[in-house]
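> let's see this in three dimensions:
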Amino acid sequence: MVMYLNILCTHPTVQAKLQDEVDRVVGSSRVVSYDDRDDMPYAQATMLELLRYTSFAPLSLPHASSVDATIQGKRIPAGSTILTNLFAMHHDEIFWEDPFVFRPERFLDDVGLFVSASHPNRRHVMPFGAGPRVCLGEILAKSRLFLIVTSLAQNFTIAPGNLTTSHDPRLASGGAVLAYSDFEITVVDRKRVL
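Numbering: from 1, shown residues only. Predicted coordinates:
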């Protein structure tokens, strides 16, 4: 979650669009609710782009094939250990235009609505896996991410602090989970500024 703040503080235009959407849909007299998500396509697109761009878990959990199979001409014997390279899928230069550019608009249609679940861009983002073995925490994680980011946008403006670091996932330390260098952010209460 902390790395998401680094991304947002270095993308003031994205942050401003989030704040505008929260102000329009929710205002300042009540807290953001998960029920607001359908009226907040830009926030939903931003959440999905945060998950795609960061790809904190670069590889899926190991799976094993139970039968001999062939996928795209590649033979996979029964009992083979299979790891999906989520980082490569989320940053595939053949599929994604400028995959190392943070751009929530990838997940909006021509009129600014959140693309459907069947849209190729949504089908190409799988930070929690897919199918019958999808992460059980996916719904909880996505709902918390939505509420945290939109609540922060409602109340604060986040800016870089004195200690900065790149949010480029290619520069993160590898491992089971990607790790980034330390950084600082500055948080300004929007209510004081308004």
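> what about the strands in this protein?
The residue ranges that make up the strands of the chain, judged by DSSP state E, are 63-64, 69-71, 74-76, 81-82, 156-160, 185-189.
> give me the helices and strands touching the third one, please.
Okay, so that is strand 74-76. For strand 74-76, the contact count by 3 or more CB pairs under 8 Å, 6 or more residues apart in numbering; DSSP states H and E identifies strand 69-71 as packing neighbours. From N, CA and C alone the C-beta is placed, and that goes for glycine too.
> the strand it packs on pairs with which strands, and in what direction?
Based on DSSP bridges, the pairing partners of strand 69-71 within the sheet are strand 74-76 (antiparallel).
> contacts for the partner strand, please.
Contacts to strand 74-76, defined as CB atoms under 8 Å, 6 or more residues apart in numbering, come from residues Ser65, Asp68, Ala69, Thr70, Ile82.
> quick one, what contacts the nearest residue to Cys135 once chain neighbours are set aside?
By the measure of CB to CB, 6 or more residues apart in numbering, the closest residue to Cys135 outside its immediate chain neighbours is Phe128, 3.9 Å from it. Applying CB under 8 Å, 6+ apart, we find Phe128 in contact with Val134, Cys135, Gly137, Glu138, Ala141.
> distance of the residue nearest to Phe102 when sequence neighbours are not counted from Arg24?
The shortest distance from Phe102 to any residue other than its chain neighbours is 5.1 Å, reached at Tyr53 (CB to CB, 6+ apart). From Tyr53 over to Arg24 the distance is 25 Å, taken as CB to CB, to the nearest Å.
> re earlier: closest one to Phe114 out of the contacts of Phe128, please.
Glu138 (16.9 Å; CB to CB).
> now do the same for the closest one: its pLDDT.
According to the per-residue confidence, Glu138 scores 88 in pLDDT.
> the spatially most distant residue from the centre of the chain and Gly129, how far apart?
In the chain, counting by CA atoms, centre = their mean, Asp68 sits farthest out from the average C-alpha position, at 34.2 Å. With the distance defined as CB to CB, Asp68 ends up 23 Å from Gly129.
> check Gly137 too.
If you measure Gly137 against Gly129 using CB to CB, the figure is 11 Å.
> cool, Pro104 as well?
Applying CB to CB to Pro104 and Gly129 gives a distance of 22 Å.
> surely the residue nearest to Phe102 is in contact with His90?
Yes - using CB atoms under 8 Å, Tyr53 and His90 qualify as a contacting pair, with a distance of 7.4 Å.
> so which of those two has more stuff around it?
Looking at Tyr53 and His90 with other CB atoms under 10 Å, you find the greater number of neighbours at Tyr53, namely 24 against 21.
> out of everything not next to it in sequence, what's closest to the residue farthest from the centre of the chain?
Counting by CB to CB, 6+ apart, the nearest residue to Asp68 once its immediate chain neighbours are dropped is Ala78, at 5.1 Å.
> and the one you found, what pLDDT?
In this model, Ala78 carries a pLDDT of 94.
> one more: Met1?
In this prediction, Met1 carries a pLDDT score of 68.
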